[in-house]
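# No letters, just coordinates:
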């Protein structure tokens, strides 16, 4: 074996030839050095306190496990609270749906509407094509039940809204429907048509019906809803109120002692609009009642006697 030594200062080399046992000793040193260093490192590691290292590691692990257990408990409590809230919401939705269905069925029966169109006991028919790009999704059963109840409530609310519109329309038609007498108490003292004039005794035309009350101050009521188009003194009629009910109908109430409404005022059916008097061409306390249809006076008797809607 040859060893070549290089002098850095002078750049000269020197060769040493190893023979015999020196050659074997150097080989053993070169090959055994890594093994020796590994062994020494192992001994150093073993020389440290293994029990102390293991105890600290165990404590750290236990702390992590405790934190994870606390997190799981917290998550469990939150899940239980959410489930309880969802259960309460489901119960409230069910109760609301039952009330809406009962109300809808009651209104449908009272209003005598088509039960097929407003059937609150059956599910509304729905449908539609399945799109090819629809992504299937299966929500939890509990959430799906709540969503289904909310949809049912929305459907019932829509039905009730339509039903309310129909009822409002029917109520409006009933309110403007002319029927009944213009006084709460009194009797028919003069009919519609030709009669003997109470002032000159001659045959004359009477364009309305008179209701005597015996005393002044009794209520004069509107026979239908409408808008006041005239309120004041009118020749021959005294203090008078005219009400337009739409559809070409107008009613007139004459000889009042006092008027309780003004022009432009909206009147409800049965509302007191004046007090019975004897103003104008009159022989005593009474109401002169007229009905006009498209500008022509008609016999009020047929409207007084007809049944309310």
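Done, it's in. Because the structure is predicted, anything quoted here is derived from the model rather than measured. Numbers count the residues shown, from 1 in each chain.

# where does the protein have low pLDDT?
1-55, 99-101, 103-143, 156, 159-172, 307-309 (pLDDT under 70).

# ranges for the helices of it?
Ranges of helices within the chain are 21-47, 50-111, 141-175, 301-305, based on DSSP state H.

# beta partners for residue 246?
residue 249 (DSSP bridges).

# That one contacts residue 175, correct?
No: Residue 246 is beyond contact range of residue 175, at 10.2 Å (criterion: Cβ atoms under 8 Å). For every residue, glycine as well, the C-beta is placed using N, CA and C.

# Same drill for these two, tell me which one is more crowded.
When neighbours are counted by other Cβ atoms under 10 Å, residue 246 and residue 175 differ, and residue 175 comes out ahead with 17 against 13.

# My guess is the more buried one contacts residue 223. True?
No: Residue 175 is beyond contact range of residue 223, at 10.7 Å (criterion: Cβ under 8 Å).

# what residues are shared contacts of those two?
Overlap of the contact sets of residue 175 and residue 223 (by Cβ atoms under 8 Å, 6 or more residues apart in numbering) consists of residue 269.

# Could you report the distance from residue 272 to residue 194?
Per Cβ to Cβ, to the nearest Å, residue 272 is found 32 Å from residue 194.

# Which of those two has more residues huddled nearby?
Taking neighbours as other Cβ under 10 Å, residue 272 and residue 194 compare with residue 272 leading, 14 against 9.

# Tell me how far the more buried one lies from residue 200.
Residue 272 is 34 Å from residue 200, where distance means Cβ to Cβ.

# And for residue 217?
29 Å.

# the more surrounded of the two?
Neighbours per residue (other Cβ under 10 Å) separate residue 217 from residue 200, with residue 217 holding more: 11 against 8.

# In contact with the nearest residue to the more buried one once chain neighbours are set aside, which residues are there?
Nearest non-adjacent residue to residue 217, counting by Cβ to Cβ, 6 or more residues apart in numbering: residue 275, 5.2 Å away. By Cβ under 8 Å, 6+ apart, residue 275 lies in contact with 216-220, 256-258, 260.

# Name the member of those residues with the most neighbours.
residue 220 (28 neighbours).

# Count the residues that sit near the closest residue to it other than its chain neighbours.
Once flanking residues are discounted, residue 220 sits nearest to residue 274: 4.2 Å by Cβ to Cβ, 6+ apart. Counted with other Cβ under 10 Å, residues neighbouring residue 274 total 25.

# So residue 274 is in contact with residue 256, correct?
Yes: contact criterion Cβ under 8 Å: residue 274 and residue 256 qualify, at 3.8 Å.

# which residues do those two both contact?
Counting by Cβ under 8 Å, 6+ apart, the residues touching both residue 274 and residue 256 are 220, 239, 241.

# for the closest residue to the last one other than its chain neighbours, what are its contacts?
Pointing back at residue 241 there. Closest residue in space to residue 241, ignoring its immediate chain neighbours: residue 253 at 4.8 Å, by Cβ to Cβ, 6+ apart. Residue 253 sits next to 182, 220, 240-241, 243, 273-274, 287-289 when contact means Cβ under 8 Å, 6+ apart.

# what's the spacing between residue 253 and residue 220?
Look at residue 253 and residue 220: by Cβ to Cβ, they are 5 Å apart.

# which residues are in contact with both of these two?
Here residue 253 and residue 220 have 182, 241, 273-274, 287 as joint contacts, going by Cβ under 8 Å, 6+ apart.
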